[in-house]
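Undergrad: Provide a 3D model corresponding to the input given below.
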Amino acid sequence: MGKNTIVLHACGGCGIQLSHSVFETIANLGEGFSNIKTLYIDTSTSNYDKIQPKSDLFLIKTKDLGKGEIRGSG
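TA: All right, here's what the predicted structure looks like:
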């Protein structure tokens, strides 16, 4: 990541949806503004279509090793 980069951490469904709006708004400001790198963390893939690139999603599958799968909390 470059010197003038804002790292946006989007957590959960609401955070992912809000970060998408923020990213779009800042991207439309044009030249002279900071670059943005968004990293996503969630317990489901409900908002997967908003994430680009897909490799920036950190999916939490279990509360701890050996336990059952978790899927969003709504």
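
Undergrad: in three-state terms, label residue 3 for me.
TA: The assignment at residue 3 comes out as coil when based on DSSP: H, G, I helix; E, B strand; the rest coil.

Undergrad: what's the neighbour count on it?
TA: Other residues near residue 3 come to 6 when the count uses other CB atoms under 10 Å. Quick note: C-beta positions are derived from backbone N, CA and C, even for glycine.

Undergrad: tell me the buried residues in stretch 23-33?
TA: Buried residues in stretch 23-33, counted by 16 or more other CB atoms under 10 Å: residue 23.

Undergrad: roughly how far apart are the closest residue to residue 60 other than its chain neighbours and residue 56?
TA: Setting aside the residues directly before and after it, residue 60 is nearest to residue 43 in space (CB to CB, 6 or more residues apart in numbering), at 4.9 Å. Counting by CB to CB, to the nearest Å, the gap between residue 43 and residue 56 amounts to 16 Å.

Undergrad: for the residue nearest to the spatial centre of the chain, give the beta-bridge partners.
TA: Residue closest to the average C-alpha location in the chain (CA atoms, centre = their mean): residue 40, at 2.4 Å. Beta-bridge pairing of residue 40, defined through DSSP bridges, involves residue 10, residue 57.

Undergrad: between residue 43 and residue 56, point out the one with more neighbours.
TA: residue 43 (18 against 13).

Undergrad: what about that one, distance to residue 57?
TA: In this structure, residue 43 and residue 57 are separated by 11 Å, where distance is defined by CB to CB.

Undergrad: for residue 44, same thing?
TA: Taking CB to CB, one finds residue 44 at 10 Å from residue 57.

Undergrad: what's the answer for residue 34, then?
TA: The separation that residue 34 has from residue 57, given CB to CB, amounts to 22 Å.

Undergrad: who has more neighbours out of the two?
TA: Summary of the neighbour comparison: residue 34 and residue 57, criterion other CB under 10 Å, with residue 57 having more neighbours (18 against 12).

Undergrad: ok, now which ones touch the more buried one?
TA: With contact taken as CB atoms under 8 Å, 6 or more residues apart in numbering, residue 57 is in contact with 40-42, 45, 48, 51.
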